[in-house]
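Novice: Return a 3D structure for these sequence lines:
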Amino acid sequence: MPQFVPTTSPLPDPSQKALHFVPPTVRERRAQAVHRLQVGLFGLAGMLLLVGLANIIMDRAKISDDATAASSAAAVTAAKVSPEGSASPANDPLADIGVVPDMPAAGPSTGASGAARPPG
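Specialist: Below is the predicted model:
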């Protein structure tokens, strides 16, 4: 079956030629250069802010670690100097927040005969 092609379809005007590349004007080139410069400067400023923020975070973490190390060293020194001579029991962070129950510090439980009971 033949396709219908209208005979009155507009034909391209032979006097019109294909559009060719038109070079940008001086004003357009200057606007592009300014835009590129703005994007570059904003990117540079953003990177500078990110590096500064990372530096502040690292400094605060270092100060916090130093303070923690000093307090733990002081606790160890106090435990060595204490008259009891026994170190404080180890803290279990999960038990402190209540996730797991406190476990006794003693070893395995013993039966009536004094021998350790098998697990289970």
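
Novice: which of the residues in stretch 57-75 are buried?
Specialist: Judged by neighbour count using 16 or more other Cβ atoms under 10 Å, stretch 57-75 contains no buried positions. Yep, even glycine has a C-beta here, placed from its N, CA and C like the rest.

Novice: quick one: average pLDDT of that stretch?
Specialist: Stretch 57-75 carries an average pLDDT of 84.

Novice: for stretch 94-106, same thing?
Specialist: 71.

Novice: do stretch 33-51 as well
Specialist: 98.

Novice: Alpha carbons of that stretch, as PDB, please.
Specialist: Only the C-alpha atoms of stretch 33-51 are listed here, as PDB (Å, rounded to 0.1, in the frame of the first residue of the first chain):
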ATOM      1  CA  ALA A  33      35.500  34.200  31.100                       C
ATOM      2  CA  VAL A  34      34.000  36.000  34.100                       C
ATOM      3  CA  HIS A  35      31.600  33.100  34.700                       C
ATOM      4  CA  ARG A  36      34.500  30.600  34.700                       C
ATOM      5  CA  LEU A  37      36.500  32.800  37.000                       C
ATOM      6  CA  GLN A  38      33.500  33.000  39.400                       C
ATOM      7  CA  VAL A  39      33.000  29.200  39.400                       C
ATOM      8  CA  GLY A  40      36.700  28.700  40.000                       C
ATOM      9  CA  LEU A  41      36.900  31.100  42.900                       C
ATOM     10  CA  PHE A  42      33.800  29.700  44.600                       C
ATOM     11  CA  GLY A  43      35.200  26.200  44.200                       C
ATOM     12  CA  LEU A  44      38.500  27.300  45.700                       C
ATOM     13  CA  ALA A  45      36.800  29.100  48.600                       C
ATOM     14  CA  GLY A  46      34.700  25.900  49.200                       C
ATOM     15  CA  MET A  47      37.700  23.700  49.400                       C
ATOM     16  CA  LEU A  48      39.400  26.200  51.700                       C
ATOM     17  CA  LEU A  49      36.400  26.100  54.100                       C
ATOM     18  CA  LEU A  50      36.300  22.200  54.000                       C
ATOM     19  CA  VAL A  51      40.000  22.000  54.800                       C
END
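
Novice: Having no further points to raise, I will conclude here.
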